Structure formats: structure tokens, C-alpha cells
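K.L.:
Need a 3D model of the following:
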Amino acid sequence: MDLRFLASLTLLLGLFFVNTNPTGGQVGVCYGRNGNNLPSPAETIALFKQKNIQRVRLYSPDHDVLAALRGSNIEVTLGLPNSYLQSVASSQSQANAWVQTYVMNYANGVRFRYISVGNEVKISDSYAQFLVPAMENIDRAVLAAGLGGRIKVSTSVDMGVLRESYPPSKGSFRGDVMVVMEPIIRFLVSKNSPLLLNLYTYFSYAGNVGQIRLDYALFTAPSGIVSDPPRSYQNLFDAMLDAMYSALEKSGGASLEIVVAETGWPTGGGTDTNIENARIYNNNLIKHVKNGTPKRPGKEIETYLFAIYDENQKPTPPYVEKFWGLFYPNKQPKYDINFY
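P.N.:
Take a look at the predicted model:
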């Protein structure tokens, strides 16, 4: 038999088996690497497997991390950093090379789920104009590689793109961001890809301590706090997520799903940041996202906790950026958390 045919068949079978849908593991974990005291990628992926964490978000491609993920059965959201946007947008060959280097070279053993092109790109950023063209070129590269339908291309936004978020039904985008959000939404709708959203009840609470109750931010409020007829909201997470859904519905994105690509609660460096609040938030979140939101009840919310480790090289201030880890850099857990 032709050896080239055998090699192609092996790759195709590998792509089939490593890209089938997962069973369970709805909540993943972000793997940030801004620290000089962190365990090796191999140790970290072993920790993911030990704790039954079945999905990971990576902010940039790294050969050691991708090699460690081979054969792990962990689904991967791979980030294309903002610093690449201009070059990838300006050249299809650059996009093809990026996909070949960081995706195709590992596709027979790594379960890629999404490529997040850019992270929290602001309308004021000089590279904002390159975001959607970069998404389009990466998508074309994925299709050319034969991975269309297996890997979805998207981008990550934060709640700052909203002009209004209270009550959730009033959610709408800021006028100035629509020059970017409109083409993002059109692209995602055409590709049936989700929007990735970094959603932090902590920052909303810490910035509005007098107006937002702590139990509302931690999923521990005893009853509905916000009335938005015909819905009622018992936690801030649902309210923020449904505000984003409302904004999408008003902007041509009613069909889109949202993946919560970052959320969590820090253990130090800020207002009400401690191990107990982090434990309460993250454990409640894992249970809660199985049930959907008032606007989309019964539909599981794909969610990623930030982050696997504390990162001592995060820029400061604010100092709170350093203390989001579920684990200390020695791999010891800060508190009990159950991904099963």
C-alpha cells in the first residue's frame, strides 16, 4: 500500500478520534503562564488529568504545552495573541503558517476546540482594525487544513463592550464598539461559532460595593435580587451573561451561543478577596452552569475558570491580578474544588 496514503489515513483517523464531542467536563480552566515559579507544562497537564479537568484555555501557543497535551484527551482553546493580529490579517500565508505550526503539527494528538483570535481587543487599540480580517484568515487556514467544522474560530470580549447591562433585558452594545462588534457578529453567525466572553462578577462587585451585594456575586443570595419581568435574577453571573445575550439579540446575533471563556474569584489583593470567597464562588459556579440562565434555562453554559495557578509576573497594579489561581505554584490546591 502507498505509504503516503497510509500516512494520510492515519492523520484523518487521528483527527476523527481526537475531535469527537466530550462526555461531561463542562467547566474548563485557563492556563496562564505569567510566572517565574510555575511547574513545567508536563506537570501541569498531569495535574489537569489528575483533577479531571477536561478543557483548557491557552492564551498563546507554546510547543512544550502542546506537546504535553498530546494524547491527554483534554479539549483546547488556543489563543492567537493580539501581537499577531496585524501580520495574520495582512497575509493569508502568515495565517496558514500559524495554523500549520501550532495546529496541524499537533492535530493528530491534541483536541483543538476553538481558536480565540485576539483577547479583549479594545476599540482604541491600534490593532483593532485587524481583528476581524485576522479571524477570517485564520478560518480560511483552518478550512484549507481540512479542519473545518472541527475547530471554531472566535474572539474573546469583556463586559466593557456593553453600554447598558441593567436590568439584563436592557443589555446593549456601546455605539463606538459597533464598528468592530458588527463584523464580529456577522462572522460568528455565518460560521455558527460562539462568542467568547470574559465575565467577572468580582470586578463588578468590587467596583460597586455599595450597590451590589456580596451574596449576589457569590451565588449565595437566598432569593431573587433583580426583577426583570418576566424573569428574576438570584445571581450576578446570570444577569451579566443575559445582558450580553440581550445585546447580541439587538445586533443580529440572536442565534449565537456564548462561551464564558474566563471567570473566577481572586484570593488576595483586593476587596473581599480571600480563599473562602473564591472557594464559594468557584464551587457554586461549577454546579450552577449546568442549569443555564433565566433567558436560556436548561442549557449548560460552557465555562472556563481563571486560572490554574497564581501568576507572580502579572503586571501590577492592580495586585489582585496575581491571585486567581486554583492551585499554588507547588501544585497544592488553595481549597477543595470538585470537577467531577
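K.L.:
Give me the residue at the spatial middle of the chain.
P.N.:
Centrality entry for the chain: nearest residue to the mean C-alpha point is A261, 1.8 Å, by Cα atoms, centre = their mean.
K.L.:
Report the spatially closest residue to that one, excluding sequence-adjacent ones.
P.N.:
L196 (3.9 Å; Cβ to Cβ, 6 or more residues apart in numbering). C-betas here are computed from N, CA, C, even on glycine.
K.L.:
Assign the one you found to helix, strand or coil.
P.N.:
Following DSSP: H, G, I helix; E, B strand; the rest coil, the label given to L196 is strand.
K.L.:
ok, now how distant is it from E321?
P.N.:
Distance of L196 to E321, computed by Cβ to Cβ, to the nearest Å: 20 Å.
K.L.:
From the contact counts, what lies against the longest strand along the chain?
P.N.:
Across the chain, the longest stretch assigned as strand under DSSP state E is strand 111-119. In terms of contacts (3 or more Cβ pairs under 8 Å, 6 or more residues apart in numbering; DSSP states H and E), strand 111-119 is packed against strand 75-80, helix 85-90, helix 131-144, strand 152-158, strand 195-198.
K.L.:
before we move on, the earlier item: quick check: phi and psi at the residue nearest to the centre of the chain.
P.N.:
When read as degrees, to the nearest 10, the backbone of A261 gives phi -80, psi -10.
K.L.:
who touches Y200 in this structure?
P.N.:
Neighbouring residues of Y200 by Cβ atoms under 8 Å, 6 or more residues apart in numbering: 159, 262-264.
K.L.:
thinking again about what came up before, which residue of L196 and E321 possesses the greater neighbour count?
P.N.:
Each of L196 and E321 has its neighbours counted (other Cβ atoms under 10 Å); L196 has more, 27 against 18.
K.L.:
So that one is in contact with Y114, correct?
P.N.:
Yes: assessed by Cβ atoms under 8 Å, L196 is found in contact with Y114 at 7.1 Å.
K.L.:
List the residues that are in contact with both of these two.
P.N.:
By Cβ under 8 Å, 6+ apart, L196 and Y114 have these common neighbours: 77, 154, 259.
K.L.:
which stretches of the stretch 201-340 of the chain form helices?
P.N.:
Assigned by DSSP state H, counting those that start in this stretch, the stretch 201-340 of the chain shows helices spanning 201-207, 214-217, 236-249, 275-288.
K.L.:
Who are the contact partners of the residue nearest to E182 when sequence neighbours are not counted?
P.N.:
Spatial nearest neighbour of E182, excluding adjacent residues (Cβ to Cβ, 6+ apart): S251 at 6.8 Å. Counting by Cβ under 8 Å, 6+ apart, S251 makes contact with 173, 178, 181-182, 185.
K.L.:
try 10 Å
P.N.:
By Cβ atoms under 10 Å, 6 or more residues apart in numbering, the residues touching S251 are 172-173, 178, 181-182, 184-186.
K.L.:
remind me which residues of this protein are low pLDDT?
P.N.:
1-25 (pLDDT under 70).
K.L.:
before we move on, back to that, angle of the longest strand of the chain against helix 131-144?
P.N.:
Interaxial angle of strand 111-119 relative to helix 131-144 (axes from the mean of the first three to the mean of the last three Cα atoms, to 10 degrees): 160 degrees.
K.L.:
Parallel or antiparallel, which strands does strand 111-119 pair with?
P.N.:
strand 75-80 (parallel), strand 152-158 (parallel) (DSSP bridges).
K.L.:
Dump the ones you listed to CSV, plus mean neighbour count and distance to Q332.
P.N.:
Output for the strands paired with strand 111-119, formatted as CSV (neighbours: other Cβ atoms under 10 Å; distance: least, Cβ to Cβ, whole Å):
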stretch, mean neighbour count, distance to Q332
strand 75-80, 24, 25
strand 152-158, 23, 29
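K.L.:
As a markdown table, the ones you listed with distance to P41 would be great.
P.N.:
Output for the strands paired with strand 111-119, formatted as a markdown table (distance: least, Cβ to Cβ, whole Å):
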| stretch | distance to P41 |
| --- | --- |
| strand 75-80 | 12 |
| strand 152-158 | 22 |
